[in-house]
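**Student:** pasting the structure only:
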């Protein structure tokens, strides 16, 4: 069974996000071993300078890089990534698995995104949309799309 790690900056704070996360993690357990790793967001003032933002991204990157499992294929969620249909996402996951990836690691940045260092470490950059979403919602969207992708790959009825 493939392992899926999701490294996230920040915690889920709202009960409805927690409930959705638990539901999709339960559903995913039939297809993969899922591990969510939460990293605290770097502290920034209300109106941070570009230099402070870069420093925060670097600190977050250092923490992220330490948590990426050895030999994992890395997919970063970022706005400049490639947009895929649900079927295309399922195919991407299948291609990693068929190429021998025992673990796939997704990375979700905080409100200021991800550092260039993390993006450079990525095997694939994924964008859900040209729109910007809160990182907590992006986590739920990723969990749902993972469940949908595994359902597509196994011929399940969920994806209709």
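**Tutor:** Alright, I've got the coordinates. All of these numbers come straight from a predicted model, not from anything done at the bench.
**Student:** just give me the longest strand of the chain.
**Tutor:** Among the segments of the chain that qualify as a strand by DSSP state E, the longest is strand 73-83.
**Student:** what does it contact?
**Tutor:** Outside strand 73-83, the residues within contact range by C-beta atoms under 8 Å, 6 or more residues apart in numbering are 68, 92, 96, 101, 103-109, 113-114, 118-119, 121-130, 132, 138, 142. Heads up, the C-betas are built off the backbone N, CA and C, glycines and all.
**Student:** how about stretch 96-106?
**Tutor:** The set of residues external to stretch 96-106 that reach it, using C-beta under 8 Å, 6+ apart, is 2-7, 68-69, 71-77, 93, 123, 142.
**Student:** please indicate which of those are buried?
**Tutor:** Buried by 16 or more other C-beta atoms under 10 Å: 4-7, 68-69, 72-77, 93, 142, out of those.
**Student:** against residue 43, how distant is residue 60?
**Tutor:** 11 Å (C-beta to C-beta, to the nearest Å).
**Student:** how about residue 14, what does it touch?
**Tutor:** Each residue near residue 14 by C-beta under 8 Å, 6+ apart is listed here: residue 136.
**Student:** tell me the pLDDT at it?
**Tutor:** Model confidence at residue 14, given as pLDDT, is 95.
**Student:** so how far is residue 143 from it?
**Tutor:** Computed with C-beta to C-beta, the distance linking residue 14 and residue 143 is 15 Å.
**Student:** equivalent analysis for residue 35, please.
**Tutor:** 12 Å.
**Student:** so who does the residue lying closest to residue 35 once chain neighbours are set aside touch?
**Tutor:** Closest residue in space to residue 35, ignoring its immediate chain neighbours: residue 5 at 4.8 Å, by C-beta to C-beta, 6 or more residues apart in numbering. Residues in contact with residue 5, defined by C-beta under 8 Å, 6+ apart, are 34-37, 67-69, 72, 103-106.
**Student:** give me that answer again for 7 Å
**Tutor:** When contacts are counted by C-beta atoms under 7 Å, 6 or more residues apart in numbering, residue 5 is found next to 35, 37, 69, 72, 103, 105.
**Student:** show me what it bridges to in the sheet.
**Tutor:** Here residue 5 shows beta-bridge partners residue 35, residue 105, assigned using DSSP bridges.
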